[in-house]
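Asks: pasting the sequence and the predicted coordinates here, then a few questions.
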Amino acid sequence: MYEYELYRNTSAELIRRADAEREARRAGLARRAARRRSGRQDPEGRVSGGRGGPARFLRLVRPA
């Protein structure tokens, strides 16, 4: 009986973890969708792609 109880506890823990991960993903997607929706109504919203990297187009200046 001990092995069966251990199996049930492990199984229940895995199910809880999966549920928590799913809920966290749903919350993240909902936040992302809300940011996108709010950005559409702002006339001076974000201009960049939001990747956080360097600018895509750089103006190169040659030394004189």
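Replies: Yep, that arrived.
Asks: any idea how far residue 17 is from residue 11?
Replies: To residue 17, residue 11 is 11 Å away according to C-beta to C-beta, to the nearest Å. In short, each C-beta sits where N, CA and C put it, glycine included.
Asks: how many neighbours does residue 16 have?
Replies: When neighbours are counted by other C-beta atoms under 10 Å, residue 16 registers 10.
Asks: what is the mean pLDDT for the helix or strand where it lies?
Replies: Using DSSP states H and E, residue 16 sits in helix 2-40. On average, the pLDDT along helix 2-40 is 92.
Asks: let the chain start at 636 from now.
Replies: Renumbered: residue one is now 636, and that last one reads helix 637-675.
Asks: what is it packed up against?
Replies: Helix 637-675 makes packing contacts with no helix or strand when contacts are defined by 3 or more C-beta pairs under 8 Å, 6 or more residues apart in numbering; DSSP states H and E.
Asks: and residue 692, what pLDDT?
Replies: We have a pLDDT of 66 for residue 692.
Asks: ignore what I typed, I meant residue 697.
Replies: Looking at residue 697, its pLDDT reads 74.
Asks: what's the local residue count around it?
Replies: Residues lying near residue 697 (other C-beta under 10 Å) number 4.
Asks: same question for residue 659.
Replies: When neighbours are defined as other C-beta under 10 Å, residue 659 has 10 of them.
Asks: any idea how far residue 697 is from it?
Replies: 50 Å.
Asks: go on, residue 648?
Replies: Shown here: residue 648 relative to residue 697, a distance of 63 Å by C-beta to C-beta.
Asks: cool, residue 642 as well?
Replies: Taking C-beta to C-beta, one finds residue 642 at 71 Å from residue 697.
Asks: same question, residue 665
Replies: Distance, residue 665 to residue 697, using C-beta to C-beta: 49 Å.
Asks: can you check residue 638 too?
Replies: Distance of residue 638 to residue 697, given as C-beta to C-beta: 75 Å.
Asks: one more: residue 660?
Replies: 49 Å.
Asks: count of residues packed around residue 658?
Replies: 10.
Asks: any idea how far residue 669 is from it?
Replies: Remark: distance between residue 658 and residue 669 (C-beta to C-beta) = 16 Å.
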